[in-house]
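Enquirer: Mind folding the following:
(4 chains)
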Amino acid sequence: MSEKGEHEGNRGPATTRRRALMLGATGAVAVVSIRPALAQTAASVAHCEIPVPDPGRAGSYIAADGSLVPPGTAGAFPPVGKPLKGEDVKVALSGGQLPGTTADQSRAYTNYIRRLQSGTSGFTCFASLQMPRG
Amino acid sequence: MPDPLYRMARAEALRIVHLDSFIAVFHRDSGLTHLLAAPAPEIMATLGEAGLSRAALAARLAAEFELADLDDAALAERLDELVACGLVAAA
Amino acid sequence: MRHVFSVRIGPVGFRVGSAWRAPIAQLETLYADYPKPDVPDFSVRLFPARPWRRVIRPSVTIGGDFMLPDAAPLPLEQGLLAAEMGMNLQMALGQRRYLLLHASVVERDGRALLMTGVSGAGKSTLAALLAARGWRLMGDEFALLDPATGLVHAFPRLVSLKNAAIEVVTRALPEARFGPLLAGTPKGDVRHLVPDAAAVAAMDVPVPPALLLFPGYGFAAEERAVPPSEVFVRLTQASTNFVALGERGFDALARLVKTVPARAIDYPDTDSAVAQVEKLWAAL
Amino acid sequence: MGRAVSDGRLLARMLRTPGNALALDAAGWTALLAMARAEQMIGTLALRLDGLALPDDVARILADARASAAQGQVAALWEVEMARRALAPLGEPVVLLKGSAFAAAGLRAGEGRSIGDLDILVPWARIDAVEAALLAAGWEWVKPNAYDDAYYRQWMHELPPLIHRDRDRMIDVHHTILPLTARITPDAASLLVNSVAIGPGVRMLAPSDMLVHAAAHLFADGDLAGGMRNLWDVHCLVEQFGTAGLAERAAHHGLGAAVARAVRLSAALYGDGAALTPGDHACLRRVTARDGWGRATRPVTRLAFYVRSHWLRMPPLMLARHLWTKWRTKPD
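Expert: You can find the predicted model right below:
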């Protein structure tokens, strides 16, 4: 997410070019909510058999749907990421793309992040607790 | 609701942290955390606390950004996501 | 409760009540060097599901302040494992001061290395092997991140080694103390390594986190930077109290993600893992 | 342990007179905290003891409990807001019951209270519209078991429980406050008419009706599970609103005896005491059946109240059929 100010600055006095914004096709999720860990309700415990997401293997590429594929797979992107700065509400809310990525790459990355969130938060801990289920 | 007004949550109830193509938003009123990727942050910022109808939002977004794919169904879906997680209220 | 044991592990005090003597005796010997709490934060209870189960084919049900309703009992021979699981469960469901991350933690030069990821990624083994090379073991199951200070507190419980790791670590730490070999547990063979006296003595010294690793055991050596949003989501997956801590949890996690470098490393075997970790640490 | 009494009355004594806690030794504190957790009252206790000079480890545990209770209320009040948003298009105000009402209205009974499911009261005629609106807004059935569903719809005073698919929180939609089969039939319509607004689109029962509901929940359909917390609710409501008009209101709903018992028992546990009947003493034995390890004690008393609760809820023949169906379908 680059700050808008930064972009205008380094492009000189030209008129401020409007930033591109993709609304995304239907089904292209843009919100990933962090679900509460095991809520007190026993019901949610019963549904706790959640598949373990594949570990983020360093060498894998990311396919369009966000799944991990062997490096070099056609149509997949190498994972990339750089921390950025800036936190005031208006600037912070100005969306954007990973620096040096195309829109497709960003969408694949968004799907990848969404896939990480299978099931309730904290479940890797329960998987490890491996409480034997009755 | 026929043509609801979509309003962003109160700005002071939002804690926002830049990550990368995502921003992390902590919503004080719900105690929940959401990660937003484009176009969700832009839609929220454009709606503001005063709020807009979907049509007015589409017009405002088209004016402020280069929308390659202004499609009402996609915009409705993006809004539904924001309403479902509570960051936007439809009234 | 017929038999009672208490121990303070890092900043958290536990008491364990048991209908049987054996698990309590094992805990007393293995945690002999640890301090005792005055008022424990959590209670764990080991009890028979039915009165006759205390004697006939005795099976241990795990209870306490916080319980999972459908957890199955364990045979009495695995009473020690039941107690450890009981303490883990109290932390997972009841901890409300520190952001709990399912991660192992070691310390060198006053800074912490966190290794997180799905179980079976080799976190405990790596932590034990690094301890054998002079790192201070801070914990193999949970990292405790203090939202107020951003520092990591040690939680040096017994290190639960599973299956192949038992052999690797007993060879690397010939004079360390170990618990009994527990065969046929839900996790296969389990043997507990007792953290050394130095780790226990220093457990009250919190340190700033300096590196976050996502280890992947059993793959060709590889490494990549992990983008912040991926770190953020993966750590919420590894935390059972992130949501329960509310804004404090969010602040603690956001601060960690924004200030501590994160790497995913794949490694074919533990020796190359130790080398990769120490190379990354030196490059900080 | 320095305290002669070591059942639920230890917790009641500290809630009634927080100063008593200063006399506790480490063992006493350990038992009190385990008991308070088991009765889901550690947040309430922590708030009552706030400000006392306590040992460091106890002070830390209680401070965490206050923070946890506060965060729990944020989540509970957000469920109220999301239910309000889901039902607003129906023009149906959300009438809150029990813990959610206490917290939303900032009542004394809500201070530090842990709040489980969201309980709301809707008119019987609107229940299908409310159900549809909640399902559309992301709630799902908790138990898709047909038998329970039909049983609920026909005989219970509420819809089968719903859980929200993202937030993992439960909502119970009631159309009256006692099972239809119970011999007593409260006047649900007047509960709604007398309800009080506490915010735009959000209401609670009138204070006396809240007391009647608390008593009904405890004595007319419950097996007194969570009795210590429920009686603390009654105690706080009586302290805040008094009992003027309560007896008439209770009689109107046919719950005079249950309300009178609730007031006596809450005074006995948390107030200035009361003259108790033999039945009251049995209830107190059940409510305080908890030990210093947080274990449920007095199994015979507990079983007796369990059977009684089912007896009250349904006529004998149906009770037999219900228990038989439940027993037959119970996975062994």
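
Enquirer: What is the burial count for whichever residue of chain C sits closest to chain A?
Expert: For chain C and chain A, the shortest gap (CB to the nearest CB) falls at C:P227, measuring 2.2 Å. Using the backbone N, CA and C atoms, a C-beta is placed for each residue, glycine as well. When counting by other CB atoms under 10 Å in any protein chain shown, one arrives at 23 neighbours for C:P227.

Enquirer: and if you look at the one 4 residues further on?
Expert: Residues contacting C:V231 under the criterion other CB under 10 Å number 27.

Enquirer: my read: it touches C:L212, true?
Expert: Yes - contact criterion CB atoms under 8 Å: C:V231 and C:L212 qualify, at 6.7 Å.

Enquirer: Kindly list the longest helix within the chain.
Expert: Here I'm looking at chain A. Looking across chain A with DSSP state H, the single longest helix is helix A:103-116.

Enquirer: You answered for a different chain; I wanted chain D.
Expert: helix D:56-87.

Enquirer: And that one, what does it pack against?
Expert: helix D:26-38, helix D:42-48, strand D:94-96, helix D:98-104, strand D:118-121, helix D:127-136 (3 or more CB pairs under 8 Å, 6 or more residues apart in numbering or on different chains; DSSP states H and E).

Enquirer: what about that helix, average pLDDT?
Expert: The pLDDT scores in helix D:56-87 average 97.

Enquirer: same deal with stretch D:199-215?
Expert: What stretch D:199-215 shows for mean pLDDT is 96.

Enquirer: Give the buried residues for it.
Expert: D:199, D:201-215 (16 or more other CB atoms under 10 Å in any protein chain shown).

Enquirer: Ok, stretch D:68-85 next?
Expert: Of all the residues in stretch D:68-85, those buried under the rule 16+ other CB under 10 Å are D:68-69, D:71-85.

Enquirer: so the closest residue to D:I177 other than its chain neighbours, which of the three states?
Expert: Nearest residue to D:I177 in three dimensions, chain neighbours excluded: D:H213, at 4.9 Å (CB to CB, 6 or more residues apart in numbering or on different chains). With DSSP: H, G, I helix; E, B strand; the rest coil as the basis, D:H213 sits in helix.

Enquirer: who touches D:H213 in this structure?
Expert: Neighbour list for D:H213: D:L97, D:K98, D:I177, D:L191, D:L205 [criterion: CB atoms under 8 Å, 6 or more residues apart in numbering or on different chains].

Enquirer: Tell me how far C:R157 lies from C:Q237.
Expert: According to CB to CB, to the nearest Å, C:R157 stands 21 Å off from C:Q237.

Enquirer: Let me have the helices and strands packed on helix D:56-87 in JSON lines, extended by mean pLDDT and distance to C:R96.
Expert: JSON lines is the format used below for the helices and strands packed on helix D:56-87 (pLDDT from 0 to 100; distance: least, CB to CB, whole Å):
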{"stretch": "helix D:26-38", "mean pLDDT": "98", "distance to C:R96": "12"}
{"stretch": "helix D:42-48", "mean pLDDT": "98", "distance to C:R96": "10"}
{"stretch": "strand D:94-96", "mean pLDDT": "97", "distance to C:R96": "26"}
{"stretch": "helix D:98-104", "mean pLDDT": "98", "distance to C:R96": "18"}
{"stretch": "strand D:118-121", "mean pLDDT": "96", "distance to C:R96": "22"}
{"stretch": "helix D:127-136", "mean pLDDT": "93", "distance to C:R96": "30"}
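
Enquirer: Relative to C:P35, which of these is closest?
Expert: Evaluated over the helices and strands packed on helix D:56-87, closeness to C:P35 peaks at helix D:26-38, with 13.9 Å, by CB to CB.

Enquirer: Does chain C have contacts with that closest one?
Expert: Yes - looking at helix D:26-38 against chain C by CB under 8 Å from any CB of the partner chain, the contacts come from D:A26, D:W29, D:T30, D:L33, D:A34, D:R37, D:A38.

Enquirer: tell me the SS of the closest residue to chain C within the stretch 151-300 of chain D?
Expert: In the stretch 151-300 of chain D, the residue that lies nearest chain C is D:W293 (5.7 Å; CB to the nearest CB). Assigned with three-state DSSP, D:W293 falls in the coil class.

Enquirer: from what I can see it touches C:M1, true?
Expert: Yes - at 5.8 Å, D:W293 counts as touching C:M1 under the criterion of CB under 8 Å.

Enquirer: show me where chain B has strands.
Expert: Per DSSP state E, chain B carries strands over the ranges B:6-8, B:14-18, B:22-27, B:32-37, B:65-67, B:88-90.

Enquirer: For my notes, please list those in TSV and give mean neighbour count and distance to chain C for each entry.
Expert: Formatted as TSV, the strands of chain B follow (neighbours: other CB atoms under 10 Å in any protein chain shown; distance: least, CB to the nearest CB, whole Å):
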stretch	mean neighbour count	distance to chain C
strand B:6-8	20	19
strand B:14-18	21	4
strand B:22-27	26	4
strand B:32-37	26	6
strand B:65-67	17	22
strand B:88-90	20	20
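
Enquirer: between the ones you listed, which one is nearest to D:R286?
Expert: Here strand B:32-37 is closest among the strands of chain B (CB to CB), at 38.2 Å.

Enquirer: list the helices and strands that closest one packs on?
Expert: Packing partners of strand B:32-37 (3+ CB pairs under 8 Å, 6+ apart): strand A:31-33, helix A:103-116, strand B:22-27, helix C:228-237.

Enquirer: Around chain C, pick out the residues from chain B.
Expert: Taking CB under 8 Å from any CB as the contact definition, chain B meets chain C at B:15, B:17, B:19-22, B:24, B:26, B:28, B:31-33, B:35.
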